[in-house]
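# fold the following and give me the result.
(chains A and B)
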Amino acid sequence: MSSANQHIVSLTGRSKVASNKKMTFMERIYLPAIMKGFGITFSHLFKKKATIQYPEVTRPIAEIYRGKHVLKRDDEGRERCTACGLCALACPAEAITMIAAERKPDEMHLYREEKYASVYEINMLRCIFCGLCEEACPKEAIFLTNEIVPSDYERSSFIYGKVILVEPIDKRVDISKRQTPAVLNFKKDKNQSHNI
Amino acid sequence: MFTVTIDNHTIEVEEGTTILQAARLIGGAVVPPAMCYYSKLKDSGGKCRTCLVKVAQGSAKDPRPMPKLVASCRTPVMDGMVVQNITSPEVIETRKAIVEFLLINHPLDCPVCDQAGECDLQNLSYDNGNEASRFEESKRTFEVIDIGDKIQLHMNRCILCYRCVYTADQLTDKRSHGILYRGDVSEISTYIQTDIENDFSGNIIDVCPVGALTDKTFRFKNRVWFLKPMNASRECTKCSGKVTAWMRGDEIYRVTGRKDQFGELEEFICNECRFEKKEPSDWTIESPRTIKRASVISQNHYERLKNPSVILPLQERMGETTDNDLNINNDK
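A predicted model of the protein is given here:
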C-alpha cells in the first residue's frame, strides 16, 4: 500500500481500516471478552421478548394489508367477476388463471354479467401480493384482504379456487377500507354506474 | 397524376384516388382512422365520419379551402390539394366528438366482449377520444337475435358501419342479411332470422370493427391477448387457405383471416377453414404474425427492435452494425 492510499477517507465514513495491532495480555487470554458476552446474553433474559407465539398470538395487521384475495359479490349476491382476464394479464407472477363460461337463463341470480368465471384459480405460492389484480379489475370483483394465507404441507393445496376465494353470501368481507377517496369519487360518476 | 400534400407530406397519386388512400400510401400517423371504410368492399365508407380531414386548399386551380371538414374515404384528391389531418386542431377536436358520438349507444361491456383487445373502436377511443362521455340518457338496446350457430350478433354493440352488409352483398351470391328500419333505430339482421349459410359469410366477423359480430365457436373461450396469432395455411378448394391461427400451446382456439396494417383482411377465407378446422394437424403452421407494439396482444411477445429513422443513416455510414445485430429474438 502506498502512503497516498492511507489518506483516502471513504465518502460514507463507515468503512473501517483493518489493523494488525498486536494484542495485549488481557486480550490474548480471551476470558474477559467471553464473560462480557455471557453478560450480554444473560441480560436479554430480562428484556421484552421480540417474538410472539404465532398462531396462538398474532400481530395486529393494517386494514389495508395485502393478504388473501376475495372475489366479491354485488348487493344482490351475484358474483361480480366476469372473467375478463385483466387480472391475469396484470399479474406479474402469472399466478391467476381462469376459464370463462356463458350464463344460462336460470343462473341470472348467480352471476351479474353474461359471462362468468366457471374456474378461477390463484396459485398462492406464485402470488407476490402486489395488488395489481385489484388495480386492473374493471368490475370491482377482486380485492386483497388483511387475512393471511395459512401455511400447509401440500403444494397443491395452495391453488385457491372459487370455493375459497368467492365470499360467502352470509359472511361478506368488508373491503371499504381499501377503497381510496379517489376510487369512491370515481364511482359517483353516473357514467360508471354499470361497474357498481 | 395528381400531386397532393397531406400533413406536409407530398405524394403523387393516380386520378380518382381518395384522400384516405393517398394517406395510406404515405403511411404512418398521417393515415386517418376509418371505422366503416374498407378498401376491399365497393361503396363502403362515408358513414362513421372518423376519417374527417381538413382541406386547406381545394386544388392548384382553385386554392380556396373547403368550407367544412370532408370524409377522406369518399373525397377524391385534386391536383395541388393540401390536406391537414393531425396537423389541424379542428380535425383532432372533431374526431374526439365523433368518438363520443359513436360511443353514445355502444355498451361499455369490453370485459365481456370477445373483440376486446383487437377492437377498432377501443383503439380509436384510446387514441382520439375523451375519457368521459356527456351522454346521460339510457343506451339503445335490442332483443337478442339468433342468426345461426356459427356467428353471434350483438346488436347493442353495432355502430352501423354497414361493412358486413357490403360483405354479404358483394362476397356471397345469395344475400341474406341487411339493415332493417331507418335512422337511429336501424339494426343489422337477417331477414326473418334466416341462417347465414353462405360459404364466405364468416368474413363478416372479421370486417366488423366492433364486437357486434363474433365467432360463436370461440365465444368466451379465451381472451385474444392470451393467444398467439400464427400464420397458418392448408390446401383449400374454396379459398386460398391462408389464415391466422390463434394458438395457445398446441391448441388452436380460433381461425381468422390475415389482417394488414390497416386492420383489413388480406384475403377472405371460407367458413370451413374458419369454423371447422381447429386441429393443429389440419394446418401448416408457418410463422408468428407481427403484432403492433402498442397492441395488448403483443404482451410477452418480443418483436425485433427497429432503430429510429434518425439514427439509421449514421449507422449505415459507419457500416459496422447490421440490422441483425440488434434483434432480441428474430422470430419473423
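
# in chain B, what residue lies closest to chain A?
The shortest separation between chain B and chain A is 3.3 Å, found at residue B:111 (distances taken as CB to the nearest CB). In short, each C-beta sits where N, CA and C put it, glycine included.

# ok, now which ones touch residue B:203?
Residue B:203 makes contact with B:167, B:171, B:257, B:265, B:268-269 under the criterion CB atoms under 8 Å, 6 or more residues apart in numbering or on different chains.

# can you give me the pLDDT of it?
Among the per-residue scores, residue B:203 holds a pLDDT of 91.

# distance of the residue of chain A found nearest chain B from residue B:155?
Across chain A, no residue is closer to chain B than residue A:84, which sits at 3.3 Å (CB to the nearest CB). Distance of residue A:84 to residue B:155, given as CB to CB, to the nearest Å: 21 Å.

# neighbour count: these two, which is higher?
Just comparing residue A:84 and residue B:155: by other CB atoms under 10 Å in any protein chain shown the higher neighbour count belongs to residue A:84, 25 against 18.

# still on that earlier bit, by neighbours, which of the contacts of residue B:203 wins?
Counting neighbours by other CB under 10 Å, residue B:167 leads the contacts of residue B:203 with 28 neighbours.

# what comes up buried for the helix or strand containing that one?
Assigned by DSSP states H and E, residue B:167 belongs to helix B:163-171. In terms of neighbour count (16 or more other CB atoms under 10 Å in any protein chain shown), helix B:163-171 has its buried residues at B:163-168, B:171.

# what's in contact with that helix?
By CB under 8 Å, 6+ apart, the list of residues contacting helix B:163-171 from outside reads B:36, B:38, B:41-44, B:175-179, B:188, B:196, B:198, B:200-201, B:203-204, B:207-209, B:213, B:268.

# okay, now the closest residue in space to residue A:115 that isn't next to it in sequence: neighbour count?
With CB to CB, 6 or more residues apart in numbering or on different chains as the measure, residue B:112 is the residue that lies nearest to residue A:115, at 4.8 Å, once sequence neighbours are left out. Burial of residue B:112, expressed as a neighbour count using other CB under 10 Å, amounts to 22.

# over to residue A:19?
Neighbourhood size, residue A:19 [other CB under 10 Å]: 6.

# enumerate the positions of the longest helix anywhere in chain B that are buried.
The helix that spans the most residues within chain B, counting by DSSP state H, is helix B:89-102. For helix B:89-102, the buried set under the neighbour-count rule, 16+ other CB under 10 Å, comprises B:91, B:94-95, B:98-102.

# CSV please, covering the residues you listed and showing pLDDT and distance to residue A:181.
Formatted as CSV, the entries for those read as follows, by pLDDT from 0 to 100; distance: CB to CB, whole Å:
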residue, pLDDT, distance to residue A:181
B:91, 95, 38
B:94, 95, 36
B:95, 94, 33
B:98, 94, 34
B:99, 94, 29
B:100, 93, 28
B:101, 92, 33
B:102, 92, 32
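
# now the helices for chain B?
Listed in chain order (using DSSP H), the helices of chain B are B:19-26, B:89-102, B:120-128, B:163-171, B:203-207, B:271, B:312-318.

# out of the ones you listed, which is closest to residue A:123?
Nearest to residue A:123 among the helices of chain B is helix B:120-128; the distance by CB to CB comes to 29.8 Å.

# so which elements touch the closest one?
helix B:89-102 (3 or more CB pairs under 8 Å, 6 or more residues apart in numbering or on different chains; DSSP states H and E).

# excluding chain neighbours, what is closest to residue B:279?
If you skip the residues right next to it in sequence, residue B:279 has residue B:252 as its closest partner in space, 6.9 Å away by CB to CB, 6+ apart.

# and residue A:143, by the same measure?
Of all residues not flanking residue A:143 in the chain, residue A:175 sits nearest, at 4.3 Å (CB to CB, 6+ apart).

# which of the buried residues of helix B:89-102 lies closest to residue A:95?
Distances from the buried residues of helix B:89-102 to residue A:95 were compared by CB to CB; the smallest belongs to residue B:99, at 35.7 Å.

# pull the contacting residues for the closest residue to the closest one other than its chain neighbours.
Sequence neighbours aside, residue B:129 is the residue nearest to residue B:99 in space, at 3.7 Å (criterion: CB to CB, 6+ apart). With contacts taken as CB under 8 Å, 6+ apart, residue B:129 has the following neighbours: B:96, B:99-100, B:103.

# and residue B:129, how far from residue B:211?
Residue B:129 is 17 Å from residue B:211, where distance means CB to CB.

# grab the nearest non-local neighbour of residue B:156.
residue B:107 (5.1 Å).

# okay, who's weakest in the contacts of residue B:203 by pLDDT?
The member of the contacts of residue B:203 with the lowest model confidence is residue B:171, at 83 (criterion: pLDDT).

# distance from the chain centre to the lengthiest helix in chain A, please.
When chain A is scanned for its longest helix (criterion: DSSP H), the result is helix A:31-43. Centre-to-centre, helix A:31-43 and its host chain are 40 Å apart (CA atoms, centre = their mean, to the nearest Å).

# list the contacts of that helix.
The set of residues external to helix A:31-43 that reach it, using CB under 8 Å, 6+ apart, is A:26-27.

# got the contact list for the helix or strand just after that helix?
Elements were assigned by DSSP H and E; along the chain past helix A:31-43, the next helix or strand is strand A:69-71. Contacts of strand A:69-71 from elsewhere in the structure, counted by CB under 8 Å, 6+ apart, are A:79-81, A:120, A:122, A:127, A:133, A:141-145, A:160, A:162, A:165-167, A:173, A:175.

# what comes up buried for strand A:69-71?
Applying a neighbour-count criterion of 16+ other CB under 10 Å, the buried positions in strand A:69-71 are A:69-71.

# with stretch A:73-90 instead?
A:73, A:78-90.

# ok, back up a step: quick check on the contacts of helix B:163-171: which are buried?
Of the contacts of helix B:163-171, these count as buried by 16+ other CB under 10 Å: B:36, B:38, B:41, B:44, B:175-177, B:188, B:196, B:198, B:200-201, B:203-204, B:207-209, B:213, B:268.

# so residue B:173 touches residue B:198, yeah?
Yes. With contact defined as CB atoms under 8 Å, residue B:173 reaches residue B:198; the gap is 7.2 Å.

# could you find the closest non-adjacent residue to the residue sitting nearest the centre point of chain B?
For chain B, the residue nearest the mean C-alpha position is residue B:263 (3.4 Å; CA atoms, centre = their mean). For residue B:263, the nearest residue in space outside its immediate sequence neighbours is residue B:120; the separation is 6.1 Å by CB to CB, 6+ apart.
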